[in-house]
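>>> Next one to model:
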Amino acid sequence: MKMKHIANLLFEVRILKDIVRSGYAFLGSGKESIAEHSFMTAFICFAMARIDQDINSEKLVTMALVHDIAEARTGDFNYVEKKYSIVDEVNAISHLVKNIPFGNDIKNLLDEFNSGETKEAKLVKDADQISFILELKKQADIGAKGPEKWLPVILKRIKTETGKQIAQSIMETNWDEWWMNDYSE
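Numbering: from 1, shown residues only. Here you go, the predicted model:
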């Protein structure tokens, strides 16, 4: 019976591939699913764990992987929608993990992330913002007009020294520079 619950969890998390992040409509360009965002956030955390080795890297990457998992049930609410809607993430998570043998692991990671007190939680919160900075920087580099309004706001959200260094480097790098490295005909 436990495997059936795990299969249901996997299908539920899989839906994050189909749920588009809502803020891009206000930006006027770009598009990203919650799953794409979560993958990028987790990969940023993987890199952070190699930069700052005084952290629990498994917790860091796992916390990033599940940080938006509740949105499989709640959807993605941008800051305007949150002014007018009540999102019950606690209830969503409680139902999501109810029959999962490792459900408390997911719940504990989300509680730690939401409290934002541990070093890992602070880094994941920064990685969450850095993921958005990457998208905004790409949009700015290809000529979109909205990112110049948002980038200064999002950059101010970065709190850790590691996060600030990564964000600064992103801002100093053209989004497609990697593509042209070692180019030859």
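>>> all contacts plus neighbour counts: C-alpha atoms, from now on.
Fine.
>>> Mind picking out the helix or strand in the protein with the poorest mean pLDDT?
Here the helix or strand of the chain ranked lowest by mean pLDDT, DSSP states H and E is helix 24-27, holding a mean of 80.
>>> Show me how far the helix or strand that comes right after it is from its chain's centre.
Where DSSP states H and E defines the elements, the next helix or strand beyond helix 24-27 is helix 34-51. Relative to its parent chain, helix 34-51 has a centroid offset of 7 Å by CA atoms, centre = their mean, to the nearest Å.
>>> quick one: buried residues of helix 34-51?
Residues 34-46, 48-49 are the ones in helix 34-51 that count as buried (16 or more other CA atoms under 10 Å).
>>> for stretch 73-89, same thing?
Buried-residue list, stretch 73-89, by 16+ other CA under 10 Å: 73-77, 87, 89.
>>> Do I have it right that residue 41 meets residue 124?
Yes - assessed by CA atoms under 8 Å, residue 41 is found in contact with residue 124 at 7.4 Å.
>>> which residues are common contacts for the two?
residue 64 (CA atoms under 8 Å, 6 or more residues apart in numbering).
>>> about what we covered before: packing partners of the least confident helix or strand of the chain?
Applying 3 or more CA pairs under 8 Å, 6 or more residues apart in numbering; DSSP states H and E, one finds that helix 24-27 contacts no other helix or strand.
>>> which parts of it are buried?
24, 27.
>>> if I look at residue 87, how far off is residue 128?
Computed as CA to CA, to the nearest Å, the residue 87 to residue 128 distance reads 19 Å.
>>> and residue 177, how many neighbours does it have?
Close neighbours of residue 177, defined as other CA atoms under 10 Å, add up to 8.
>>> Thanks a lot, see you next time.
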